[in-house]
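[1] have a look; sequence and predicted model below, questions after that.
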Amino acid sequence: MSESTVAHVLSIYKAARSDNERFAALMLVVKAVKSKECSAETRHLIFESIGFSFVNRLLRTDTVPEGCDAGVYKSLALTVLACFSTDEPLLTHPKMLAHIPLLNKLILSFSVSERRHGDDDLSMIEDCFQCLMAIASTDLGRVNMIERNSVDSLCQAVIANKQGSDQAKQLILILAHYCGESVWANNVSSLKSLLTHLSVNFLQDMEATKFETCETISHILSSVKKGYLVFEDTDTHKQWCINIHKALSEILTSKIGKDQREPALRLSSLMVDVLGVPWAWTTTEQERKFLLVLVHLSCIEIRMTLETLTLPEVTHKLGILIGCYSLVENVINHMTSGEMLSSDDKHILQIHTALTGALSAVLYLLTQLSQLQDTTEYKSLLYASVRVLGSWIAEDTSALNEQVLAILPFLIAVCKRNLEETQTLAASDTTQESCDIIRFLLPGFCHLTADKKAIEVLFQNKAHILLGQYLDFHWRLFSSSNQDNHESEAPLISVCGIFMNAVVMNPYETQNHLVFREILQLLMSVVHTLDYKSRLCLIANMSVLGLMILRQLSSTQKPSQSDTSEFFSGVVKFLSGAHTCVECEGTAEGPMMVLAAEYQQVWDDISQLWPLAMQVFCSCMDLYPYTKMIVLKSGWILKCLKTLQQSLPEIADDIKTAYDTFLAEMSKDEMGFTIIHDNSGKEIAMKQKLTSMYEALNR
C-alpha cells in the first residue's frame, strides 16, 4: 500500500464529523489494514492516528443503524483489533491488553448449538480468538490473560461447547505450557470443572478422539502443582478422578497397541503424581488390581525400552520413559510410607518383584552410560535414571545391592560434574537453572553410609569431599537469602544425616580427614546464628553433627575454647528450650512436662535427634570442661529442675534418661552440684526415678 493511499484513508477518518461518518471511514481503514501489502510501520501509523477511543465505543455500543446486523459495530472493531494483533509492538500495547476482559466476555456469546448467528457473528468470534491467540504468544500477554481472568472464561467456553471451543482449549494448553502452575493459582474451581467435563468425554468417547482427550488432560495436569488437587470423599469434584480411573482401567486392561498404551500410561503417571498412589489403590479388590496392572505395564515399558533399544533409540522414547519412572518413584515412596502394609502380602510382593526388574534395567542403562567418555547428549536420560535409582536405594539397600555398589563410582562422578555446573551457573548472571541431581541421591546416600561395605566404596571415591562441598554450597545459598531459602534447607539437613552416619561408621576418617574439620568449622560458626523459631530442624541436625565431630576430635586436634564457645551456647539454647510444664486440661492429677510450642511443630522430625544431642553433649562436657560454665550461665539447670519438680512422674523414658544423664554430669561440677543439691535435687531424683542423678548427689 502506497503512503499516499494510507494518508488519504486517514484524512477521511480524521475529517469525519459524526459517528456514522467515522464508521464509514473505518470500513476503509479495515480494507487498508487487511491489505497484504500493509507493512508493520503502516499498521502502526494507522493505529496511532485512529487511537482506541472510537474502537472502544464501537465495542460497547449496542444500538446500530436501522437495517444493520446487531453486532456490526463490534464486528468491525474486532476486525481492526485482530489486524493490529499481527504486529507485536501493537499487540502488547497497554490499550490493546485492556481489551482482554471484553474478549473474554465475547467468546462466551455463542454456543455451537445456536444456529441463529450468521457470518458476521462467526467472523466476530474468530477475530476474538485471533486476538487472544496473538496475545498468548507473548510473555506479557500471557501474564495479562491470567491476571484478567481469561482462564475462567476459556474453561467455560470449553465446558459449554461455545463457538470456538477448540481454540479455547488450545489457548488453555498454551497458557498451561508456558505459565505452569500460576495458571491455576486462582482458578481451582475452573480447573476441576474443566477436568470433570474432559473426563466425561474421555470415559464415554469410543473413537480415536478419546486419546486426543487423554493427551489434553495430560497437558493440563502437567501444569498442576503437586498437592494442589486432592482425592478425598469430601471433594465435590471427585467424579473427574473416578471417571479417569475407570477410563484408564478399561484401556490398560484391553488389547491395545503402542499408540494407545503410551498416552494412557503418561496420564496414569500424572494422575498418581498429582493425586498420589491412593487414587490408583482404591477400596475394592477389583479397583486395586488397576494399580497392579499399572505398575506391571510401567515396569515392562522400562525394561523393554532400556534392555532392547540402543541409547539413541532410548532418547526418542524419553517422554514415556520419564512418565514410567515417575510412577515407579511414587509407588516406591508410598510403599515405604507404611500405607500399603495392611494390603494383601501377595500384591505387595508382586509390586516389589516388578519394581526390582525395572530398577535392574535402570542399572543396566547406567552401566552403559558409565562406559562413555562423554554423556552430554544423554544428560536428560542420565539424570532421570539417577533420580529413580535414588528413590530405590533410599528405601531398599538389600535388593540389587551388588549392582548398586558397582555403579556408585559412576554416580559420584556424575554428581561431581553436576555440582560444578550448578556452582558455575549460581555464580553467573544467567537465569538458566541446573538440575540438582545430588538432592535426589541424598536419602540413598544416608542409607548407604550406614552399611560398612557401601561406606567404604563411598569414601574410596571421595563422596565425603563431594558432600562437604555440597554442604558448603547450599549453606552459602541459604545464608545469602537471609535464611529464607527453603530449597537449600532440606539438602543441608540430609547431608548432616549422612555425615552423622559417616562419623559413627568411620571414626578414623573423622579424626584425620580435612573435610570433617572444615564441616565442623562451618557448624561452629553458624549454629548460634540460626532462627530458633523457624529453623529448629536444621539446628537439631547441625548441633548433633557438630557435637559428634567434636567428640571424635577431642583426642587428636581439639578445637580451642574461643572457636567452640558460641557453638556450645547455641546447642545449650536448643536443648534447654525443648520442654516446659503446664496444667493439662481435663486431668486432675497435676501438671505435665510437655514440648514447647515451637518444638511441637517439628518434633516428628527431631524426636530422635534431641535425646541424641543430649547424650553427645553430656559426653562432650567431660572432654570440654568449659561447657559446664556455659550451662551454668544459661540458667538451664534451674529451669530443668523446676520443670521436673512440677511435672508428674510420667515422662517418656528417652526424655527421662536424657535429663538424668545431664543432671548427673552437671553434679560432677562443684557449682553445679551446689545448685542441684540446694534446689531439692534429691527429692526430684526420687520423684522422677532419676537414678544416675541420685547417685551423683550421694557421692
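    Looks like it arrived, so ask away.
[2] tell me, what residue is most central in the protein?
    Residue closest to the mean C-alpha point of the chain, counted by Cα atoms, centre = their mean, is residue 226 at 6.7 Å.
[3] quick one: that residue is in a strand?
    No. Judged by DSSP: H, G, I helix; E, B strand; the rest coil, residue 226 forms no part of a strand; its state is coil.
[4] report the contact partners of it.
    273-274 (Cβ atoms under 8 Å, 6 or more residues apart in numbering). C-beta here means a position set from N, CA and C on the backbone, and glycine is covered the same way.
[5] and if you look at the one 4 residues further on?
    Counting by Cβ under 8 Å, 6+ apart, residue 230 touches residue 275.
[6] tell me where the stretch 351-500 of the chain has helices.
    379-395, 401-427, 437-448, 452-460, 463-480, 486-505 (DSSP state H, counting those that start in this stretch).
[7] counting contacts, what elements does the longest one pack onto?
    For helix 401-427, the helices and strands in contact under the criterion 3 or more Cβ pairs under 8 Å, 6 or more residues apart in numbering; DSSP states H and E are helix 345-370, helix 379-395, helix 437-448, helix 452-460, helix 463-480.
[8] winner for burial among these?
    helix 437-448 (a mean of 22; mean count of other Cβ atoms under 10 Å).
[9] and that one, what's its mean pLDDT?
    For helix 437-448, mean pLDDT rounds to 94.
[10] give me the phi and psi angles of the residue nearest to the centre of the chain.
    Here is the backbone geometry of residue 226 (degrees, to the nearest 10): phi -60, psi 130.
[11] ok, it to residue 272 distance?
    11 Å (Cβ to Cβ, to the nearest Å).
[12] for residue 171, same thing?
    28 Å.
[13] repeat for residue 509
    41 Å.
[14] so which of the two has more stuff around it?
    residue 272 (24 against 16; other Cβ atoms under 10 Å).
[15] pretty sure that one is touching residue 279, no?
    Yes. Taking contacts as Cβ atoms under 8 Å, residue 272 lies within contact range of residue 279: 6.4 Å.
[16] how about low-confidence regions in the stretch 51-200 of the chain?
    51-54, 61-72, 111-121 (pLDDT under 70).
[17] which residues of it fall in helices?
    Counting by DSSP H, counting those that start in this stretch, the helices of the stretch 51-200 of the chain are 53-60, 72-84, 88-91, 94-97, 100-106, 119-135, 139-147, 150-159, 165-179, 188-204.
[18] show me how far the last one is from its chain's centre.
    Taking Cα atoms, centre = their mean, to the nearest Å, the mean C-alpha location of helix 188-204 is offset from the chain mean by 24 Å.
[19] so which elements touch it?
    Against helix 188-204 (3+ Cβ pairs under 8 Å, 6+ apart) you get helix 150-159, helix 209-221, helix 239-252.
[20] got those as JSON lines, with distance to residue 88 and mean neighbour count columns?
    Output for the helices and strands packed on helix 188-204, formatted as JSON lines (distance: least, Cβ to Cβ, whole Å; neighbours: other Cβ atoms under 10 Å):
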{"stretch": "helix 150-159", "distance to residue 88": "19", "mean neighbour count": "23"}
{"stretch": "helix 209-221", "distance to residue 88": "25", "mean neighbour count": "19"}
{"stretch": "helix 239-252", "distance to residue 88": "37", "mean neighbour count": "19"}
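[21] and of those, who's closest to residue 315?
    Nearest to residue 315 among those is helix 209-221; the distance by Cβ to Cβ comes to 20.3 Å.
[22] chain center to the closest one: distance?
    Counting by Cα atoms, centre = their mean, helix 209-221 comes out at 23 Å from the chain centroid.
[23] list the buried residues of stretch 608-617.
    609-617 (16 or more other Cβ atoms under 10 Å).
[24] looking at the residues you listed, which is nearest residue 76?
    residue 609 (71.8 Å).
[25] contacts only, for the closest one.
    Applying Cβ under 8 Å, 6+ apart to residue 609 gives the contacts 540-541, 543-544.
[26] so how far is residue 446 from it?
    14 Å.
[27] contacts only, for residue 203.
    Residues counted as contacts of residue 203 (Cβ under 8 Å, 6+ apart) are 243-244, 246-247.
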